[in-house]
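J.: I would like to see how this sequence folds:
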Amino acid sequence: MYVPTSIIPEDYEDQQRWREQAQRRRLLEGKHKVDVQTAIENQFAQEIAAGLEIDPDLSRNPYRLIFQQLNVAYLEPPDVSVSGQDDADLTPIITPKLWAQQQKTSLFALAMGESLVRVDWKHWAGATEASYRIVAPDTVVIEAMPDEPDQPGKVEELRWRGDAWTWEVWDVRDPSKPVFRIDEVDDNNERTEATAKYAPDLAAESAYPYRATDGTPILPYVLYHKSVGSRLWNWTEGTELTNGSLRLGALWTHWNDGFLNAAHPQRWALDVDTQAGVTRTIAGTAVDVVPVDRKSVLKFASKGPAGGSLGQFSAAMDVLSSAEALKLYEQGLAVYAGLNPADLQVTQAQSGYAIVVSRNGQRRQQKLVEPSFRMADQQLLAKAAQLANVYANAGLSENPRDYQISYRALRPSTAEMKEQAEIIEKELAMGMISRIEALRQMHPEIESDEDALERLIRVREIELILARMEQEQAEAPQQTQPEEG
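T.: Residues are numbered from 1 along each chain as shown. The predicted model follows:
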């Protein structure tokens, strides 16, 4: 649910951030019709914008198209292990929905700079496990920890509770005095504390919902960043792509109108009277026009004894060249998403024109975001472990760095694998690389030389066992069938 315009943060910077991030979320969710209409009104003269006879064109959305293709970090669930706890049971914190849900978390982070995940403890029928909820960044106000400028210390989340909007406040900046509070907010953006109404068990001044086994208050939010930095928000990064996508929607709307109304020749008459027109009101101004289309038959009358003349101008719009120009503009926008021109492929098939990000481009972007996502995932699992230890006595590590997360690289296409294998085979034959290096190049998910060596040894042992079995079978005396009779 989108936040009503009457409810805004107090800080001007947060107001600007909310406006930009809400617009980006509408682009991601296909709810940007009003934004394209605004772009049309800002881009064209008033009478032209009002004269467009079709709805805003929402069929071209490079913003959503590009980021959906770059969102590959969680296409396959990553491998998770805990240092010093090889037999740790992670089922209370790694739920069946977690990694599937993280696909949207990463999409928000890529497209909006940041996204949040809320972790809670739920008691399901027959099982006890953590639950996770994606929080849109345009619904929160955050203040950083005193000594960690990129980590939340106070989170105020705007939530709809059935009949009213509320601010849910969590503050652990002073661990000795943590704060939990729920405020109702009215249409005048005025707050009234309502903790007793929505959470009566936590209405006491000293009550706080989540604490670790040692009593430390837990802030149940994790902030995901697109890139590692030293501040909470990077919401201004990528505004070029946002604005360009909306401008492109406005231009395609104008192109569609031109295709319908300006792609045919314009007739003219000299020294003749035309048939009576009709009056239209465009942008508040009355204009006399003669409606025409490709099937129109117009009536003319000569104004003098010499007679008049009729002719035609060329079509006002060359639809093909105009469309090609817009496609080039759309392709250029992808550069602002952090892509190289070489990462882009433009396709033209029966399904229509589209920008396709190459697999190399996807893999490069995946590697760029992995460090930031890994730190956030480690924090998320550690917070969930803190709750699991309190409510389920899970005995899991509460240190984020103990959680080793290995993301699975995007698998190469068949053509890429063939080309890579040929190159590696030549380098092996020339002695330029070792078998360990060759294996790691073919399988990027292998993180260390030790792991690669272990895998090669295991393969060699299997080969020796198979060879020995084949030799024993070949040396075994052949059994002959007894002769009949």
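J.: For residue 311, give its distance to residue 465.
T.: Applying C-beta to C-beta, to the nearest Å, the value for residue 311 to residue 465 is 90 Å. Where C-beta positions appear, they are placed from N, C-alpha and C, glycine not excepted.
J.: Would you agree residue 89 is in contact with residue 393?
T.: No: using C-beta atoms under 8 Å, residue 89 is not in contact with residue 393, being 11.4 Å away.
J.: between these two, who's got more neighbours?
T.: residue 89 (13 against 10; other C-beta atoms under 10 Å).
J.: Give me the pLDDT value at residue 127.
T.: If you check residue 127, the pLDDT there is 63.
J.: quick one: the strands in the stretch 51-200 of the chain?
T.: For the stretch 51-200 of the chain, the strands defined by DSSP state E, counting those that start in this stretch occupy 79-82, 114-124, 127-135, 140-145, 148-160, 165-171, 179-185, 191-193.
J.: what angle sits between the longest helix seen in the chain and strand 114-124?
T.: Looking across the chain with DSSP state H, the single longest helix is helix 359-392. Using axes from the mean of the first three to the mean of the last three C-alpha atoms, to 10 degrees, the direction of helix 359-392 lies 40 degrees away from that of strand 114-124.
J.: list the buried ones in the helix or strand containing residue 454?
T.: Element membership for residue 454, per DSSP states H and E: helix 449-475. Within helix 449-475, the residues that count as buried by 16 or more other C-beta atoms under 10 Å are residue 452.
J.: swap in stretch 41-48?
T.: For stretch 41-48, by 16+ other C-beta under 10 Å, it's residue 44.
J.: And stretch 97-107, by the same measure?
T.: Applying a neighbour-count criterion of 16+ other C-beta under 10 Å, one finds 98-99, 101-102, 105-107 buried in stretch 97-107.
J.: do the same with stretch 238-249
T.: Within stretch 238-249, the residues that count as buried by 16+ other C-beta under 10 Å are 238, 241-249.
J.: and what of stretch 180-195?
T.: The neighbour-count check on stretch 180-195 (16+ other C-beta under 10 Å) flags 180-185, 194-195 as buried.
J.: Taking the centroid of this structure, which residue is nearest it?
T.: Central residue of the chain (C-alpha atoms, centre = their mean): residue 107, 2.1 Å from the mean position.
J.: thinking it is in contact with residue 27, fair?
T.: No: in this structure, residue 107 is not within contact of residue 27 by C-beta under 8 Å, at 11.5 Å.
J.: So what's the residue count around residue 175?
T.: The burial count for residue 175: 11, using other C-beta under 10 Å.
J.: Does it touch residue 216 like I think?
T.: Yes: Residue 175 lies in contact with residue 216 (C-beta under 8 Å); the separation is 6.1 Å.
J.: Quick check: the gap between residue 133 and residue 400.
T.: In terms of C-beta to C-beta, residue 133 sits 20 Å off from residue 400.
J.: buried stuff in the helix or strand encompassing residue 418?
T.: Following DSSP H and E, the helix or strand that holds residue 418 is helix 414-429. Judged by neighbour count using 16+ other C-beta under 10 Å, the buried positions of helix 414-429 are residue 424.
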